[in-house]
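Participant: Give me a 3D structure for the following:
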Amino acid sequence: MTRFLCLLIGYICGCFLTAEAVARRRTGKGADTLGSGNPGMANIASTLGVGSGLAVLCGDVLKTALACGLCRFLFFPGLGQAAVLYAGLGAGLGHNFPFW
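Facilitator: Below is the predicted model:
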């Protein structure tokens, strides 16, 4: 059950689209309306500049690190390194396949 919860926490963190947040902050429009329409780092970097692309990259890395840190140190310290692996997998799944 704890492994499933690590996956779920990672998935929820991964569903946060940092490209959408950066695009809305910079332009007031959604990431899907800019450039190729792909809400990803490459599209944001080519449309809004390298700095915005790096912000998206850092946000994507931080949401994974947040999920791994929460599961490893706060919620399930007894699970050890497995908590990091399951949370990281969940974050990757949430990033690539968000529920919306």
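Participant: Go through the lengthiest helix in the chain and flag the buried ones.
Facilitator: Using DSSP state H, we find that the single longest helix of the chain is helix 50-69. For helix 50-69, burial by neighbour count (16 or more other CB atoms under 10 Å) applies to 52-53, 55-57, 59-60, 63-64, 66-68. All C-beta spots, glycine's among them, are computed from the backbone N, C-alpha and C.
Participant: any idea how far it is from the chain center?
Facilitator: Relative to the mean C-alpha coordinate of its chain, helix 50-69 is positioned 7 Å out (CA atoms, centre = their mean, to the nearest Å).
Participant: pLDDT of that helix, averaged?
Facilitator: Per-residue pLDDT over helix 50-69 has a mean of 95.
Participant: contact partners of it?
Facilitator: The contact list for helix 50-69, computed with CB atoms under 8 Å, 6 or more residues apart in numbering, reads 9-10, 12-14, 16, 18-19, 21-23, 26, 40-42, 44-46, 83-84, 87-88, 90-92, 95.
Participant: Only the buried subset of these, as a ChimeraX command please.
Facilitator: One line in ChimeraX is enough to select the buried ones among these; burial here means 16+ other CB under 10 Å:
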select :9,10,12,13,14,16,18,19,22,23,26,40,41,44,45,83,84,87,88,90,91,95
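Participant: so residue 22 is in which element?
Facilitator: Taking DSSP states H and E as the criterion, the element that holds residue 22 is helix 18-27.
Participant: can you give me the angle that helix makes with helix 50-69?
Facilitator: If you take axes from the mean of the first three to the mean of the last three CA atoms, to 10 degrees, helix 18-27 sits at 140 degrees to helix 50-69.
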